[in-house]
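*Asks:* Sequence first, then the predicted structure, then my questions.
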Amino acid sequence: MKKEVAEFLGTFTLVLFGCGSAVIAGADIGLTGISFAFGLALIGMAYGIGPVSGCHINPAVSLGMVVAGRMQMPEAIRYIISQIAGAIAAALVLLVIASGKADYNVAVNGLGQNGWGTGYLGEYNILAAFVFEAVATFLFMVVILGSTGSRAPTAFAGLAIGLTLVVIHLVGINITGVSVNPARSIGPALFSGTTALSQLWLFIVAPILGALAAGLLFKSGMFETQD
């Protein structure tokens with residue numbers, strides 16, 4: 001169970017500190033600070049639990065690994081269950097902490113949930129949201145697969161992956177709040193009301209499609225870094 005525990009803790013950390021930076025400190029650190037919070041949380045976990053589980057902490061990444069031939073589906077399913085559980089637990093802890101402030105209201109202040117359309121950040125439409133999430137996850141997965149390949153300098157993989165997540169957030173927060181990770185979206189959505197839940201499907205489908213496309217690209221043998 002040590003791999004599953006690692007994935008639970010890794011996803012818990014990403015959601016608590018990433019979404020927590022937006023909910024608790026967003027007014028002080030801005031979009032740039034939030035972007036780095038997500039990326040730095042991932043970098044820390046990459047070196048903390050990477051040797052144990054590979055630090056997927058993302059269902060889309062685990063499925064992309066399956067398609068790329070680097071993981072078996074039964075293990076991926078166990079990873080995904082652990083990742084979603086970690087994200088839900090982190091969202092609940094964040095809700096408890098945020099509720100400790102007298103003027104906090106989850107319906108008003110949110111919980112770092114993803115979204116699109118009228119009333120959400122940049123108010124981008126559903127097409128823009130879907131395209132961004134699919135393409136960003138594809139590119140994210142390319143970096144993950146490339147930097148962890150057999151010929152890559154793996155000591156720097158965590159740094160490369162984490163900084164890529166920072167860049168994705170710098171570009172995409174105003175579009176969707178940035179998911180590229182179904183677990184990261186599921187956790188906050190469960191406590192954020194009907195709009196977040198009704199839009200959750202996009203943040204499951206688009207990242208998975210993007211990750212699967214990247215996995216197929218590496219499975220094809222096009223890149224030399226493939227194991």
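*Replies:* On my side now, so go ahead.
*Asks:* Would you mind giving the secondary structure of residue 38?
*Replies:* On the three-state scheme (DSSP: H, G, I helix; E, B strand; the rest coil), residue 38 is labelled helix.
*Asks:* Go ahead and confirm residue 89 touches residue 12.
*Replies:* Yes. The criterion here is C-beta atoms under 8 Å, and residue 89 meets it with residue 12 at 5.6 Å. No exception for glycine: its C-beta is placed from N, CA and C like everyone else's.
*Asks:* and the two? which has more neighbours close in?
*Replies:* Neighbour totals were compared for residue 89 and residue 12, and residue 12 leads with 24 against 17 (other C-beta atoms under 10 Å).
*Asks:* tell me which residues in the lowest-mean-pLDDT helix or strand in the chain are buried?
*Replies:* Ranking every helix and strand in the chain by mean pLDDT, DSSP states H and E puts helix 106-109 at the bottom, with a mean of 93. Across helix 106-109, burial judged by 16 or more other C-beta atoms under 10 Å covers 106, 109.
*Asks:* can I get the CA coordinates of that helix in CSV?
*Replies:* What follows is helix 106-109, C-alpha atoms only, in CSV (Å, rounded to 0.1, in the frame of the first residue of the first chain):
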residue,chain,number,x,y,z
VAL,A,106,-17.8,28.9,0.5
ALA,A,107,-20.7,30.0,-1.9
VAL,A,108,-19.1,33.5,-2.2
ASN,A,109,-15.4,32.9,-1.7
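*Asks:* Would you mind pulling the contact partners of that helix?
*Replies:* The contact list for helix 106-109, computed with C-beta atoms under 8 Å, 6 or more residues apart in numbering, reads 23, 95, 98-99, 191-193.
*Asks:* what's the spacing between residue 67 and residue 61?
*Replies:* Counting by C-beta to C-beta, to the nearest Å, the gap between residue 67 and residue 61 amounts to 11 Å.
*Asks:* again with residue 9
*Replies:* Counting by C-beta to C-beta, the gap from residue 9 to residue 61 is 16 Å.
*Asks:* Export the contacts of helix 106-109 to JSON lines and append columns for secondary structure, neighbour count and pLDDT.
*Replies:* JSON lines is the format used below for those (DSSP: H, G, I helix; E, B strand; the rest coil; neighbours: other C-beta atoms under 10 Å; pLDDT from 0 to 100):
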{"residue": "23", "secondary structure": "helix", "neighbour count": "22", "pLDDT": "97"}
{"residue": "95", "secondary structure": "helix", "neighbour count": "18", "pLDDT": "98"}
{"residue": "98", "secondary structure": "helix", "neighbour count": "19", "pLDDT": "98"}
{"residue": "99", "secondary structure": "coil", "neighbour count": "12", "pLDDT": "97"}
{"residue": "191", "secondary structure": "coil", "neighbour count": "17", "pLDDT": "97"}
{"residue": "192", "secondary structure": "coil", "neighbour count": "22", "pLDDT": "96"}
{"residue": "193", "secondary structure": "coil", "neighbour count": "14", "pLDDT": "90"}
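*Asks:* Closest one of those residues to residue 160?
*Replies:* Checking those against residue 160 by C-beta to C-beta gives residue 23 as the nearest, at 27.8 Å.
*Asks:* So that closest one sits against residue 110, correct?
*Replies:* Yes. At 6.8 Å, residue 23 and residue 110 qualify as touching, with contact defined as C-beta under 8 Å.
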